[in-house]
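Undergrad: here is my input; please provide its structure:
(one chain, ligands or ions: 2)
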Amino acid sequence: MTPVSAENNFDVLVVGGGTAGTNAARAACNAGASRVGVVYIPEMFNTCVQEGCMPSKSVLASSAQGYSFLEAIYRKDVHLNRLARALKGKMQRAPYTLIEGEARFLPGKEGVEVTQGKKTRRLWAKNYVIATGSHAWIPPIKGLEGLPAGRMLVSDDIVGIQTLLGEAPKRLLVLGGGPIGLELATFFARLGTEVLILDTAGLLGHFDSEFGEARLRALKTTPHMNSLVPGELQSVADTANGLLCHIVHQGNLLERYADKLLIATGRRPNIEALALENAEVQVEGSTIQHNEYLQTSNPHIYIAGDAINHHQILHYAAEMGQVAGANAAYGKPTAVMDYQKFSLAITFDEYPSALIGLTEREAKAQGYDVISATQDLSSLGMGILEDLPWGLWKLVADRRDGRVLGSQIFGPSSAPEIIQLLSPILYYQGTLRDIVRMTWYHPTYAELLRSLARRLCSENGIECPGA
Ligand SMILES: Cc1cc2nc3c(=O)[nH]c(=O)nc-3n(C[C@H](O)[C@H](O)[C@H](O)COP(=O)(O)OP(=O)(O)OC[C@H]3O[C@@H](n4cnc5c(N)ncnc54)[C@H](O)[C@@H]3O)c2cc1C
Ligand SMILES: NC(=O)c1ccc[n+]([C@@H]2O[C@H](COP(=O)([O-])OP(=O)(O)OC[C@H]3O[C@@H](n4cnc5c(N)ncnc54)[C@H](O)[C@@H]3O)[C@@H](O)[C@H]2O)c1
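TA: Ligands and ions are numbered 1, 2, ... in the order given. Purely as a prediction, here's the structure:
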C-alpha cells in the first residue's frame, strides 16, 4: 500500500453521510476508534430529510389540512430547509471528520478515491463501512425509457416535484402499491387528481393477507382513487391524449390514459459508483453479500442502511449503522444485527397501516404455536363514534405461554401511534395476561387491545383476569 498523509489516514472510514452512515461513525467513535471519517455527496446527503420520510409526510399533512398543490410544495420546502439546517449543524458538531465528494474503491488495498469537481483525494482506513443508501428502481417496461422529461416521476423526485409537474396532474398512474405508492397516491387524490394504482402483487405485502385485502376494499371507496390489483403495465406510449397505458388485469388487456406516471416499485442500493470489484466485495444481483455482523466478503468492509437491499426503513438504517460502525472500530465481527427486534413498519396513507413484531405468517414459519384474534374497528367503540369506515386490529401470540408476538392495525388515522403501544410489551416480552391487567382508558382505540387479549385467553384456555 502506498502511504497516505496522516489527515487522510483513518481507523474507520464510512462511505455515506445519511442515517446509517452517521450512526456508524458515531458508533465507531463510541467504540474507541480515534480517527473516523465520513465521505458524502453534499447535494444529497440524507434521503429521509431530503426526499424520503419527511417531504412525503409534509405533503401528506398539508393535503389533509386542505392546502393546494403549490401551498403544499411551499410548506414542504420550508419544513425541509429547517430540518436540513438542523441536521447539517448536528453533523458539523459530531466527533468525526466530514469529507465531501464521491468515493470509489481503488485496487490493490490502496483505499478509496474521493472526487469533488476536479479535485481528487486518496483516503485509507483500517476498516470501512458502506452506507450509500438507495435509489428508485424502474422496472423494464416497454415505452418507459423514451418518455419525455416530466412525464414520469420516481419517489426520489418529491424533492423537485414542482419543477417536474408545475401543478397537480389531472390523471396519475401509480405503479407500485407499497408504502411510497400509497402515500403519494393519497397526496394526489386529496388534491383531486384521478389516481389509478397498479401493483403486480397485492397491497401491503408484508402484512397478513387480510390487511392487503381490506386496504384494497378501502381504496376502492376513496374519492379519486382507483386500482387494478393485481395489474401489470405492459407498455406505455406518449400520445396527444396523454400517456396510453396497456394494462393486463384479470387476464384482460385494458387501455387507460394518464397525464403522468409515478414509479414506486421499490429501491435498489447505490453501489454502482463504488467500484466494488476493486475491493473484492462480492455482489450478487443488486445485493452485497454480507453476514449477520454486516461484514462483507472483504473482512475489512462492513455495510449498513438501504445499501443492504432489504429492511429499507429509517430505524433499521440507524441500527445497522450502530452495528457496522462498532464492528468496524473493533476490527472484528462482534455485534450482531437482529432485525426481528426492530420489526416495525408504518404506512401513512389515507387509511394508515402499521405492523410490529411478527405477522401470523412469519410466526408460523418460525415454528410458534400461533394464536391470533382480529377485530373490525369500524363497528366498535371509538370506530362508531368517529364514523371510521374501515379498520382492523390483529394480535398474534404464542399459545404455549401467552407471550405477545406481534400486532397489525389498519384504518384509524392514529394507527401509526397506536401500534407503538405494543413496543414496550414486545420489548419486555409481555403476555396477554399483562395486557389484560394493564389500565386502559375508555373510550379509546387503545382499550381494544385488552378486548383482543381477553378474547385470545378465553378462546385458548389461557388463565387471565376476567377472561
Ligand atoms: C419517499 C420515501 C419515503 C420514506 N418514508 C419513510 C418513513 O416514513 N419512515 C421510514 O422509516 N423510512 C422511510 N423511508 C426510507 C428511509 O428514508 C431510508 O430507509 C433511509 O433514509 C436510508 O438511510 P441511509 O443512511 O441508508 O441512506 P441515505 O440517507 O440515502 O444516505 C446515503 C448517503 O450516501 C452518500 N453516498 C452515496 N453514494 C456515495 C458515494 N459513491 N460516495 C460518497 N457518498 C455517497 C449520500 O451522499 C448520502 O449521504 C422513505 C423513503 C422514501 C424514498
Ligand atoms: N412509511 C414508511 O415507513 C415508508 C414510506 C416509504 C418508503 N418506505 C420504504 O422505502 C422502500 C421502498 O418503498 P416502495 O413502496 O417503493 O417499495 P416496496 O418494495 O415496499 O413496494 C413496491 C411495490 O411495487 C410492486 N411492484 C414491483 N414491481 C412492479 C411492477 N413492475 N408493476 C407494478 N407493481 C410492481 C410490488 O409488488 C410492491 O407492492 C421500502 O422498503 C419501504 O419500506 C417506508
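
Undergrad: buried residues in stretch 370-382?
TA: V370, I371, S372, A373, T374, Q375, L377, S378, L380, G381, M382 (16 or more other CB atoms under 10 Å). C-beta: built from backbone N, CA, C; applies to glycine.

Undergrad: in strands, which of those fall?
TA: Among the buried residues of stretch 370-382, the ones falling in strands (DSSP state E) are V370, I371, S372, A373, T374, Q375.

Undergrad: phi and psi next, for L388.
TA: phi -70, psi 120 (degrees, to the nearest 10).

Undergrad: wait, isn't S353 in contact with S413?
TA: No. The criterion here is CB atoms under 8 Å, and S353 misses it with S413 at 11.7 Å.

Undergrad: elements contacting the helix or strand hosting A61?
TA: A61 belongs to helix 53-64 when assigned by DSSP states H and E. Where contact means 3 or more CB pairs under 8 Å, 6 or more residues apart in numbering; DSSP states H and E, helix 53-64 is packed against helix 69-92, helix 179-190.

Undergrad: longest strand anywhere in the chain?
TA: Secondary structure of the chain per DSSP E: the longest strand is strand 119-130.

Undergrad: what's the following helix or strand after that strand?
TA: Sequence order places strand 134-136 as the next helix or strand after strand 119-130, per DSSP H and E.

Undergrad: which helices and strands sit right next to that next one?
TA: Strand 134-136 packs on strand 267-269, going by 3+ CB pairs under 8 Å, 6+ apart.

Undergrad: so what strands line up beside the first helix or strand past the strand it packs on going along the chain?
TA: Counting by DSSP H and E, the next helix or strand C-terminal to strand 267-269 is strand 283-284. Counting by DSSP bridges, the strands paired with strand 283-284 are strand 287-288 (antiparallel).

Undergrad: which residues touch the strand it pairs with?
TA: Here strand 287-288 makes contact (CB atoms under 8 Å, 6 or more residues apart in numbering) with I130, P269, I271, L276, V281, Q282, T296, I303, A307, I308, N309, H310.

Undergrad: what residues sit buried inside the helix holding A61?
TA: Neighbour counts over helix 53-64 (16+ other CB under 10 Å) mark C53, M54, P55, S56, K57, S58, V59, L60, A61, S62, S63 as buried.

Undergrad: now the fourth one: closest residue in space that isn't a chain neighbour?
TA: What that stands for is S56. Nearest residue to S56, sequence neighbours excluded (CB to CB, 6 or more residues apart in numbering): E183, at 5.2 Å.

Undergrad: got the domain boundaries for the protein?
TA: Domains of the chain are assigned by automatic domain parsing as 6-135+268-339, 138-265, 351-459.

Undergrad: Serialize the ones you listed to JSON lines and add fields for mean pLDDT and distance to A345.
TA: Shown next, in JSON lines, are the domains of the chain (pLDDT from 0 to 100; distance: least, CB to CB, whole Å):
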{"stretch": "domain 6-135+268-339", "mean pLDDT": "97", "distance to A345": "6"}
{"stretch": "domain 138-265", "mean pLDDT": "95", "distance to A345": "6"}
{"stretch": "domain 351-459", "mean pLDDT": "96", "distance to A345": "5"}
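
Undergrad: would CSV of the ones you listed with distance to G466 be doable?
TA: Below are the domains of the chain laid out as CSV (distance: least, CB to CB, whole Å):
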stretch, distance to G466
domain 6-135+268-339, 35
domain 138-265, 27
domain 351-459, 6
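
Undergrad: now Y67, what's its secondary structure?
TA: Assigned with DSSP: H, G, I helix; E, B strand; the rest coil, Y67 falls in the coil class.

Undergrad: wait, what's in contact with it?
TA: With CB under 8 Å, 6+ apart, Y67 has these contacts: R75.

Undergrad: where's it relative to ligand 1, distance?
TA: 19 Å (CB to the nearest ligand atom, to the nearest Å).

Undergrad: ok, G117 - how many residues close by?
TA: 7 (other CB atoms under 10 Å).

Undergrad: could you do the one 10 residues further on as well?
TA: Neighbouring residues of N127 were enumerated by other CB under 10 Å; the total is 25.

Undergrad: does it touch A329 like I think?
TA: Yes. Between N127 and A329 a contact is recorded at 7.5 Å, counting by CB under 8 Å.

Undergrad: only alpha carbons, please: show the helix or strand where P416 lies as PDB.
TA: For P416, the enclosing helix or strand under DSSP H and E is helix 415-418. Output of helix 415-418 as PDB, limited to C-alpha atoms (Å, rounded to 0.1, in the frame of the first residue of the first chain):
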ATOM      1  CA  ALA A 415     -52.700   3.800  13.800                       C
ATOM      2  CA  PRO A 416     -49.100   4.900  13.500                       C
ATOM      3  CA  GLU A 417     -49.200   6.000  17.200                       C
ATOM      4  CA  ILE A 418     -51.400   3.100  18.400                       C
END
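
Undergrad: tell me what that helix is packed against?
TA: Judged by 3+ CB pairs under 8 Å, 6+ apart, the packing partners of helix 415-418 are strand 353-357.
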